[in-house]
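J.: How does the following fold in three dimensions:
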Amino acid sequence: WAFMDKTASRNNWPRVKLSRIIQRIDSGVSVNGEATPASPSQLGVLKVSSVTSGRFDATKNKVVTHPTEQARLKSPVNKGDILMTRSNGSADLVGACVCVRDDHANLFLSDKLWKFVLNDETKDDSEWLFYLLTSAPIRQRIIGASSGSVGMRNVSKTELLGMPVGRPRLPEQQKIAAILSTWDRAIELTEKLIAAKQKRKQALMQQLLTGKVRFKEFEGKPWTQVRLGKLLKEVKRSVQWDDDAEYHLLSIRRRSGGMFDRETKIGRDILTKVMKTTEAGDFVIARMQAVHGAITVTPPACHGKHVSGSYSTFVAKDPEKLHMPFLNYVSQTRMFYRSLLLSAYGVTIEKMTFNLPWFLDEKIDLPPTLEEQKRIGDVLVTFEDENRILGQRLHALKQQKKGLMQQLLTGKVRVKVDVESVKA
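T.: Numbers count the residues shown, from 1 in each chain. Below is the predicted model of the structure:
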């Protein structure tokens, strides 16, 4: 890395308690707010969820309209503030920390959020402190110091301020913060690009999968509504059980999240010994989760592996009339989700029973030729491939940042700083 200073010795930073860096910790109060978030002209109190995602989310707040409650609000949120959760039902989220990038003078802390005020801004950098507090060693110490019941964990100011940390001089703090913020900007930009492409894909699906937009070569040939039962036939492929055999178990995520490897187990260790083998191109429905969108087409990577006996597996009755990747995209649409819901009965959404004959009686809009189905599928696959590449890039950026934090915030790798600024 160009920013490395190979002449500097490894961590010779003085160790100080956080109380030497942090002058005080401000907190808010518990006030009664409404369910809707505040507009810029209204006052609001932040929810804990505004901090727990790892990036400040100003939309996670409750509007406060009653004058008595408004008078009780304290600790407004300003650009550069470092916020932390002091309490959470999950121990892993206690001490979650964010740096506020913009002013939000109409938003205030709740009683479960803290804001840090530095002792001396000529000695310490607030953004460096933010990265320090989010580093793995400090997070582990905060979680370890938390106390309370299973339902609510807390960290005390005394425990936090008493933690010793390595403290580089201000110029090195600023350089470390600048390097890490560069990675943060790249991560945020990539996330926005992924979200934009996903939104564009959804809009394109709405057009292509309904026939509202057609490819020129297929115009003039109308789509038709076809019963799913005319297109699909169920296949069993029941597993002949062997307690000594190894089974690669698959599951399907809700909301069209796709198929994934759950675990690999020996037969004798599996309680429910009823399974099916799935093959690439199968259309698979997790019946107990069908109304939540647990449906997919088996990808090549899952070929020959095993699904629960409660899953329903289908293939095309006539492969010349139905392209399974096309059906996979259709199954991600709102209209298909509506068909899944209409194919189930029950009192509550979590306990609805899926009725297979009802489902097979539902209809979908179908292009008249396999060629058009394939063309639509190819276009949408291209979008998925682009987003997958972006996802890999995002993962690499996050891993790089994680490695940098481990090196830079511990002094294992030192950064180059201007000699004059150090003397100053």
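
J.: so where do the helices sit in the stretch 251-400 of the chain?
T.: Using DSSP state H, counting those that start in this stretch, the helices found in the stretch 251-400 of the chain span residues 324-330, 334-342, 356-360, 370-408.

J.: which helices and strands does the first one pack with?
T.: In this structure, helix 324-330 makes packing contacts with strand 283-286, strand 295-297, helix 370-408, judged by 3 or more C-beta pairs under 8 Å, 6 or more residues apart in numbering; DSSP states H and E. (Glycine included, C-beta is placed from N, CA and C.)

J.: Likewise for the shortest one?
T.: Other helices and strands packing on helix 356-360, by 3+ C-beta pairs under 8 Å, 6+ apart, are helix 228-231, helix 334-342.

J.: To S50, which of the helices and strands packed on helix 324-330 lies closest?
T.: S50 sits nearest to helix 370-408 of all those, at 21.2 Å, using C-beta to C-beta.

J.: Q400 contacts T182, doesn't it?
T.: No. Between Q400 and T182 there is no contact under C-beta atoms under 8 Å: 10.6 Å.

J.: and the gap between Q202 and Q332?
T.: 9 Å (C-beta to C-beta, to the nearest Å).

J.: out of the two, which sits in the more crowded spot?
T.: Q332 (18 against 12; other C-beta atoms under 10 Å).

J.: For that one, give me its contacts.
T.: The contact partners of Q332, taken as C-beta atoms under 8 Å, 6 or more residues apart in numbering, are M205, S256, G293.

J.: The residue lying closest to L231 once chain neighbours are set aside and L228, how far apart?
T.: In this structure, L231 finds its nearest non-sequential neighbour in L322, 4.9 Å apart by C-beta to C-beta, 6 or more residues apart in numbering. As judged by C-beta to C-beta, L322 and L228 stand 10 Å apart.

J.: measure the residue nearest the centre of the chain to P37 for me?
T.: Closest to where the C-alpha atoms of the chain average out (C-alpha atoms, centre = their mean) is S53, at 8.6 Å. In this view, S53 and P37 are 15 Å apart by C-beta to C-beta.

J.: got it, and Y131?
T.: From Y131 to P37 the distance is 28 Å (C-beta to C-beta).

J.: Would you mind telling me which of those two has the busier surroundings?
T.: With neighbours defined as other C-beta under 10 Å, Y131 and P37 compare such that Y131 has more, 25 against 17.

J.: Can you pull the phi/psi pair for the more buried one?
T.: Backbone torsions for Y131, taken as degrees, to the nearest 10, come to phi -70, psi -40.

J.: circling back to that earlier point, pick the most deeply packed of the helices of the stretch 251-400 of the chain.
T.: Using mean count of other C-beta atoms under 10 Å, the stretch among the helices of the stretch 251-400 of the chain with the greatest mean number of neighbours is helix 324-330 (a mean of 21).

J.: Now do the contacts for P76.
T.: P76 is in contact with H104, A105, N106, L107, F108, counting by C-beta under 8 Å, 6+ apart.

J.: Can you flag the buried ones in those residues?
T.: Among the contacts of P76, those classed as buried by 16 or more other C-beta atoms under 10 Å are H104, N106, L107, F108.

J.: Among these, which ones are in strands?
T.: Of those, the ones assigned to strands by DSSP state E are H104, N106, L107, F108.

J.: Any idea how many residues pack against the nearest residue to the second one once chain neighbours are set aside?
T.: Taking C-beta to C-beta, 6+ apart, and ignoring the residues beside it in sequence, N106 has L43 as its nearest neighbour in space, at 5.5 Å. The tally of other residues near L43 (other C-beta under 10 Å) stands at 20.

J.: unless I'm mixing things up, L43 is touching L73, no?
T.: Yes. Applying C-beta under 8 Å as the test, L43 and L73 come out as touching, 6.2 Å apart.

J.: residues shared between the contacts of those two?
T.: Counting by C-beta under 8 Å, 6+ apart, the contacts common to L43 and L73 are V64, F108.

J.: The nearest residue to E69 once chain neighbours are set aside: what secondary structure?
T.: Spatial nearest neighbour of E69, excluding adjacent residues (C-beta to C-beta, 6+ apart): V31 at 4.7 Å. Three-state assignment for V31 (DSSP: H, G, I helix; E, B strand; the rest coil): coil.

J.: V31 and R86, how far apart?
T.: Per C-beta to C-beta, V31 is found 17 Å from R86.

J.: Nearest to R268 among the ones in strands among the buried ones among the contacts of P76?
T.: Of all these, R268 sits closest to L107, with 56.7 Å by C-beta to C-beta.

J.: before we move on, the earlier item: distance to Q392 and pLDDT added to the contacts of P76, as CSV?
T.: Formatted as CSV, these follow (distance: C-beta to C-beta, whole Å; pLDDT from 0 to 100):
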residue, distance to Q392, pLDDT
H104, 34, 94
A105, 40, 92
N106, 39, 96
L107, 36, 97
F108, 40, 97
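
J.: Need the residues you listed in a markdown table (columns: distance to T158).
T.: A markdown table is the format used below for these (distance: C-beta to C-beta, whole Å):
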| residue | distance to T158 |
| --- | --- |
| H104 | 29 |
| A105 | 30 |
| N106 | 32 |
| L107 | 27 |
| F108 | 24 |
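
J.: nearest to L271, of those residues?
T.: Distance ranking of the contacts of P76 against L271, using C-beta to C-beta, places L107 first at 49.9 Å.

J.: who does that closest one bridge with?
T.: In this entry, L107 is beta-bridged to G44, by DSSP bridges.

J.: I'd assumed Q42 was in contact with it.
T.: No. Using C-beta under 8 Å, L107 is not in contact with Q42, being 9.7 Å away.

J.: That's all I had, so thanks and see you.
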